[in-house]
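**Student:** Curious how this folds, go ahead:
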Amino acid sequence: MNAPKEFQVGKSYSRQVNAQVIGSTLTQTFTAMDSRTNKIVWQKRKPGGQSYGWATTATGLAFGGNIDGNLIAYDVRNGDELWKFQVGWGISAPPMTYAVDGVQYVAVAAGGNRGGLSTPDGDAVWAFALNGTIDEVAAPPPIDTKVNPPNTTMVSLGREVGGPTTQGGPWIFEGTVRTYDYRYEPVGFNVPAGTTITWQNLGASIHTATDTKGVWDTGDISGGGATASVTFDSPGTYDYICKPHPWMVGRIVINP
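**Tutor:** Numbers count the residues shown, from 1 in each chain. Below you'll find the predicted structure:
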């Protein structure tokens, strides 16, 4: 929950964050459950953040795409991999199946916008049939298998941060990072060497700002408006987390 605050029309009074700890391994699972016993029959674990849905057929096949560009068919009875095809882009949509003139097809949309991938050459839709003749294409760049530090828009001193729905509304960043439950605002910023950065905890829980390499640490910052400060004299990039809530991440770039 957030600290108590008076109601203002148009302001946001809730906050949620879904993030993994920096450096942790990204994996996904595809799991078959027996609905009669509620137990796992088989499970596949693959690298990468997540998959985006599966389609099953009456003949016992399960088709699913992966952010590494592979469309895979499994035997639903035992999880055996029966077929795999590289489409060239990360797949971030579930497959579908349909029939035209008695021929059954499996189709899937593919695009390079998931798993840390970015491609400038657009998206594609692939449709497969038993008599297909098109061959696989080159795989996209390797996917992320570890949680990387935040890739965020960097804010400079004197720039406006926040927005109309941000708790407290927009404000000018002058070196104070507002800490909520559970987010830093701004997430990333760049400042000159010698700048003192202050973290103000406007949430209800205790937070910290802790360098991921152990170089500096604010210690506990109590909720309700307490502050802690660190002066940065050495140029470089500093990624940091909240020790009690390590899914809270931030980045500081210190310019010469």
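
**Student:** and Ala139, what is it in contact with?
**Tutor:** By C-beta atoms under 8 Å, 6 or more residues apart in numbering, Ala139 lies in contact with Asp68, Gly69, Gln86, Gly88. All C-beta spots, glycine's among them, are computed from the backbone N, C-alpha and C.

**Student:** any idea how far Ile91 is from it?
**Tutor:** Look at Ala139 and Ile91: by C-beta to C-beta, to the nearest Å, they are 12 Å apart.

**Student:** Find the residues that touch each one of those two.
**Tutor:** Gly69.

**Student:** can you count the residues close to Ala124?
**Tutor:** Each residue near Ala124 was counted by other C-beta atoms under 10 Å, and the total is 15.

**Student:** quick one: average confidence on stretch 22-33?
**Tutor:** Taken as a whole, stretch 22-33 has a mean pLDDT of 85.

**Student:** Low-confidence stretches in the stretch 151-256 of the chain?
**Tutor:** Counting by pLDDT under 70, the stretch 151-256 of the chain contains low-confidence ranges at 151, 164-166.

**Student:** Tell me where it has strands.
**Tutor:** Secondary structure of the stretch 151-256 of the chain (DSSP state E, counting those that start in this stretch): strands at 154-156, 160-161, 171-172, 176-180, 183-185, 188-192, 195-201, 210-211, 227-232, 236-241, 249-255.

**Student:** looking at the ones you listed, which is closest to Trp126?
**Tutor:** Across the strands of the stretch 151-256 of the chain, Trp126 has its closest neighbour in strand 249-255 (35.4 Å, C-beta to C-beta).

**Student:** Adjacent strands (with direction) for the closest one?
**Tutor:** Strand 249-255 has the following strand partners under DSSP bridges: strand 188-192 (parallel), strand 236-241 (antiparallel).

**Student:** contacting residues around that strand?
**Tutor:** For strand 249-255, the external contacting residues (C-beta under 8 Å, 6+ apart) are 19, 22, 149-150, 152, 154, 177, 184, 187-193, 195, 197, 209, 232, 234-241.

**Student:** Quick one: the strands paired with strand 249-255 as CSV, columns for distance to Asn201 too.
**Tutor:** Formatted as CSV, these follow (distance: least, C-beta to C-beta, whole Å):
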stretch, distance to Asn201
strand 188-192, 17
strand 236-241, 14
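
**Student:** Mind checking these for the one nearest to Val41?
**Tutor:** Of all those, strand 236-241 comes closest under C-beta to C-beta, at 37.7 Å.

**Student:** Next up, the contacts around Ile206.
**Tutor:** Residues near Ile206 by C-beta under 8 Å, 6+ apart: Asp220, Ile221, Ser222, Gly223, Pro244.

**Student:** Please, a ChimeraX command that selects the buried ones among the residues you listed?
**Tutor:** Per 16 or more other C-beta atoms under 10 Å, the buried members of the contacts of Ile206 correspond to this ChimeraX selection:
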select :221,223
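
**Student:** Distance to Phe173 for the contacts of Ile206 - can I get that in CSV?
**Tutor:** Converted to CSV, those look like this (distance: C-beta to C-beta, whole Å):
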residue, distance to Phe173
Asp220, 24
Ile221, 18
Ser222, 23
Gly223, 21
Pro244, 25
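
**Student:** Can you tell me which of the contacts of Ile206 is closest to Ile172?
**Tutor:** Of all the contacts of Ile206, Ile221 has the smallest distance to Ile172: 21.6 Å, by C-beta to C-beta.

**Student:** before we move on, back to that, so which of the strands paired with strand 249-255 is nearest Ala228?
**Tutor:** strand 236-241 (12.1 Å).

**Student:** would you put the C-alpha positions of that closest one in PDB?
**Tutor:** Output in PDB follows, covering the C-alpha atoms of strand 236-241 (Å, rounded to 0.1, in the frame of the first residue of the first chain):
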ATOM      1  CA  GLY A 236      30.500   5.900 -14.200                       C
ATOM      2  CA  THR A 237      27.200   3.900 -14.300                       C
ATOM      3  CA  TYR A 238      25.700   2.700 -11.100                       C
ATOM      4  CA  ASP A 239      22.800   0.200 -11.000                       C
ATOM      5  CA  TYR A 240      21.000  -0.100  -7.700                       C
ATOM      6  CA  ILE A 241      18.100  -1.900  -6.000                       C
END
